[in-house]
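Trainee: predicted coordinates and the sequence they were generated for:
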Amino acid sequence: MIPTKDNLKLGLVLGLTGPIIGLVAIYFLKFSSFTFIEFLDNFIHENRLITSIGSLSLLANAVLFTIYEYASG
């Protein structure tokens, strides 16, 4: 059964997990030489990283949204 498009709980789950999945994917692809805690510390304290990695993490959210829209017709 496909959930309705207006589903607050599903929207919150997808909206919160998308950027987290994107952040973890970027960590494994580009920053795996650091520990995850070091990566998060650098991410939080360097403005350059916040902008670039934050944008890519939100792109992962857009991908999830597009998949959901396509799947729910």
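Mentor: Yep, that arrived.

Trainee: from now on I want contacts and neighbour counts done on CA atoms only, so please keep to that.
Mentor: Fine.

Trainee: ok, and the closest non-adjacent residue to the residue most central in space within the chain?
Mentor: By CA atoms, centre = their mean, the mean C-alpha position of the chain lies nearest to Pro19, the distance being 1.7 Å. Closest residue to Pro19 in three dimensions, ignoring its sequence neighbours and counting by CA to CA, 6 or more residues apart in numbering: Ser57, at 4.4 Å.

Trainee: residues in contact with the helix or strand harbouring that neighbour?
Mentor: Per DSSP states H and E: Ser57 is located in helix 47-71. Residues outside helix 47-71 that contact it (CA atoms under 8 Å, 6 or more residues apart in numbering) are 5, 14-15, 17-23, 26, 42-44.

Trainee: hmm, try it at 7 Å
Mentor: Applying CA atoms under 7 Å, 6 or more residues apart in numbering, the contact partners of helix 47-71 are 15, 18-20, 22-23, 43-44.

Trainee: just how off-centre is it within its chain?
Mentor: 5 Å (CA atoms, centre = their mean, to the nearest Å).

Trainee: worst mean pLDDT across the helices and strands of the protein, which element?
Mentor: Lowest on mean pLDDT, DSSP states H and E among the helices and strands of the chain sits helix 47-71, with a mean of 83.
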